[in-house]
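**Student:** coords please:
(one chain, ligands or ions: 1)
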Amino acid sequence: MNMSRKPIIAANWKMNKTRSESVSLASAITSLLGPYSAAEVVLCPPFVNIESVGRCLSDSILKIGAQNMHFDSAGAFTGEISPKMLKDIHCSYVILGHSERRSLFGESHHFINQKVKAALCHGLIPILCVGETITERENNQTFSVISEQLEKGLQEVLPLLQNRDIVLAYEPIWAIGTGKVATPEEAQEVHAFIRSQLALLLNQDYAPKIRIQYGGSVKSDNIATLLSQPDIDGALVGGASLEADSFVRLLKNVPIPATVFSGEPLRPTLF
Ligand code: PGA
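**Tutor:** Just a heads-up that it's a prediction; the model follows:
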């Protein structure tokens, strides 16, 4: 974590929680967290629960995001959700290229790149996920895999970044949902590599400003050491975000960067 980048923690609820369960979880998180947080916090419920959760975040500092979207604004794409629809229900963020989308639903680099560009054009902040499998790591392919995901995922993105934000998430696939977290040093090595690639693929000015989250078995007891690394700026949290107690404990363990916040509440969402 670097003092000039506000940490960002996003909760990826995946395909969990009915509408009433989502609302109860969001309410419990906001009441346990209270009015201040050292990090920007984003809840990403399943599509059908975004609006209800968003309403219950109206007076809170938490923001709302989606877990995926299509790149077109409207049209004959049965079963898909457009960026325009997400904006209409006040989403600020959208997770794109999650490894589960890539591996289980066959999403290609090109498809993900189209979504990243569409998100930026519609005023949504993409959280672009990258990461290697255990086999790729063992074969020393981590950097080549990630560099291809970045190069293809960020094609033609630079011109769209004027006054717009993008977040990267490094999620080693072997650490997702396994309880096997990367060591802070292992994660830092890849985060530093991602930042160096961002300088090449985007430009030298953007690279130090872009926040790079770590994801994969992040919990309340490892968040602080992960964030102690200079290029780790937050976390994408699955399992530990499904219960208010564990998620708020994690949020409260985010170190307070004294030079960024002087106890000021973050901006509330639009609801
Ligand atoms: P996990 O999931 O925290 O349960 O490992 C992270 C993710 O898939 O984004």
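
**Student:** which residues touch the nearest residue to M15 once chain neighbours are set aside?
**Tutor:** Distances taken as C-beta to C-beta, 6 or more residues apart in numbering place P46 nearest to M15, at 6.0 Å, with adjacent residues excluded. Quick note: C-beta positions are derived from backbone N, CA and C, even for glycine. With contact set as C-beta atoms under 8 Å, 6 or more residues apart in numbering, P46 has these partners: 13-17, 22, 67.

**Student:** which among those residues count as buried?
**Tutor:** Buried residues within these, counting neighbours by 16 or more other C-beta atoms under 10 Å: 13-14, 16-17, 22, 67.

**Student:** burial measure for A28, as a count.
**Tutor:** 15 (other C-beta atoms under 10 Å).

**Student:** what does the stretch 1-150 of the chain have sitting close to the ligand?
**Tutor:** Residues of the stretch 1-150 of the chain lying close to the ligand by C-beta under 6 Å from any ligand atom are N12.

**Student:** does A118 touch K84 like I think?
**Tutor:** No: look at A118 against K84 with C-beta atoms under 8 Å: they stay out of range, at 9.4 Å.

**Student:** can you give me the strands in the protein?
**Tutor:** 8-12, 40-44, 63-66, 93-96, 125-130, 167-170, 211-215, 234-237 (DSSP state E).

**Student:** still on that earlier bit, closest one to the ligand out of the contacts of P46, please.
**Tutor:** K14 (7.0 Å; C-beta to the nearest ligand atom).

**Student:** burial check on the closest residue to the closest one other than its chain neighbours, number of neighbours?
**Tutor:** Distances taken as C-beta to C-beta, 6+ apart place G238 nearest to K14, at 6.1 Å, with adjacent residues excluded. Applying other C-beta under 10 Å, we find 21 residues neighbouring G238.

**Student:** next up, the contacts around G238.
**Tutor:** The contact partners of G238, by C-beta under 8 Å, 6+ apart, come to 12-14, 176-177, 215.

**Student:** ok, D88 - how many residues close by?
**Tutor:** Around D88 there are 10 residues (other C-beta under 10 Å).

**Student:** for E51, see how far away it is.
**Tutor:** 9 Å (C-beta to C-beta, to the nearest Å).

**Student:** next one: F77
**Tutor:** For F77, the distance to E51 - C-beta to C-beta - is 20 Å.

**Student:** what do you get for V41?
**Tutor:** For V41 relative to E51 (C-beta to C-beta), the value is 18 Å.

**Student:** okay, the residue nearest to N2 when sequence neighbours are not counted: pLDDT?
**Tutor:** Leaving aside its sequence neighbours, N2 sits nearest to P230 (C-beta to C-beta, 6+ apart; 5.8 Å). With respect to pLDDT, P230 scores 96.

**Student:** and for L104?
**Tutor:** Reported pLDDT for L104: 97.

**Student:** please apply the same query to the one 3 residues further on.
**Tutor:** At E107 the predicted local distance difference test score is 98.

**Student:** ok so, going back, just send the contacts of P46 back as TSV, with pLDDT too.
**Tutor:** Shown next, in TSV, are the contacts of P46 (pLDDT from 0 to 100):
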residue	pLDDT
W13	98
K14	98
M15	98
N16	98
K17	98
S22	98
Q67	98
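
**Student:** ok, those vs P208, which is closest?
**Tutor:** Among the contacts of P46, Q67 lies closest to P208 (C-beta to C-beta), at 27.9 Å.

**Student:** need the contact list for the closest one.
**Tutor:** 12-14, 44, 46-47, 94-95, 98.

**Student:** can I get those residues in CSV including distance to P184?
**Tutor:** What follows is the contacts of Q67, written out as CSV (distance: C-beta to C-beta, whole Å):
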residue, distance to P184
N12, 21
W13, 25
K14, 25
C44, 24
P46, 31
F47, 34
V94, 28
I95, 23
H98, 22
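
**Student:** for the protein, what spans make up the helices?
**Tutor:** All helices of the chain, identified by DSSP state H, fall at 19-33, 50-56, 83-88, 99-104, 109-121, 134-138, 142-153, 184-201, 223-227, 244-252.
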